[in-house]
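In: task: produce atomic coordinates for the following.
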Amino acid sequence: MLTLSSTERRSLRARAHSLHPVVAISDKGLSESVVREINASLISHELIKVRVHNADRQVREAFLNMLCERLQAAPVQHIGKLLVLWRPQPAEQVRTVRRHAARAAPRLSKRSFQGSVER
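Out: Residues are numbered from 1 along each chain as shown. You can find the predicted model right below:
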């Protein structure tokens with residue numbers, strides 16, 4: 001399980017404020033498919049909210065601890081029925097995302113740029 005300083009946790013809570021839950025854990029509990037879905041969401045988003053449909057606070061706290069242990073994530077917040085988890089993306093994935101973002105940017109040739117200025 002990753003640990004966060006209070007400053008890091010505060011910053012992540014602020015970032016998570018506007019997020020919507022991407023995964024829900026039903027009353028039946030934590031299944032393997034739900035864990036896989038949470039892992040996939042952490043890979044693509046880094047910071048996620050999970051909604052737990054269980055009225056018992058201790059059960060929700062146990063889910064948070066279990067998920068953080070299994071997925072090597074950090075618990076950010078447990079407020080009501082929402083759990084907030086964070087796991088940094090691997091360095092090679094960050095480089096790949098940046099490379100694809102650079103390719104997606106429109107490229108202007110010198111001609112098209114000069115033509116727009118002369119008009």
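
In: all strands of the protein, in order?
Out: For the chain, the strands defined by DSSP state E occupy 23-25, 47-52, 74-79, 82-86.

In: look up which residues are beta-bridged to the residue nearest to residue 3 when sequence neighbours are not counted.
Out: Among residues not flanking residue 3 along the chain, residue 74 sits closest, at 6.6 Å (Cβ to Cβ, 6 or more residues apart in numbering). Every C-beta, even on glycine, is put in place using the N, C-alpha and C of the backbone. According to DSSP bridges, the partner residues bridging residue 74 are residue 86.

In: before we move on, the earlier item: out of the strands of the chain, the one nearest residue 15 is which?
Out: strand 47-52 (5.9 Å; Cβ to Cβ).

In: which residues touch the spatially most central residue of the chain?
Out: Residue closest to the mean C-alpha point of the chain, counted by Cα atoms, centre = their mean, is residue 47 at 2.4 Å. By Cβ atoms under 8 Å, 6 or more residues apart in numbering, the contact set of residue 47 is 12, 15, 16, 19, 76, 84, 85, 86.

In: farthest-apart pair in those residues, please.
Out: Going by Cβ to Cβ, the pair spanning the contacts of residue 47 furthest: 15 and 85, at 12.4 Å.

In: which of the two has more residues huddled nearby?
Out: Shown here are residue 15 and residue 85; by other Cβ atoms under 10 Å, residue 85 has more neighbours (27 against 14).

In: do I have it right that that one meets residue 73?
Out: Yes. If you go by Cβ atoms under 8 Å, residue 85 and residue 73 touch, sitting 4.6 Å apart.
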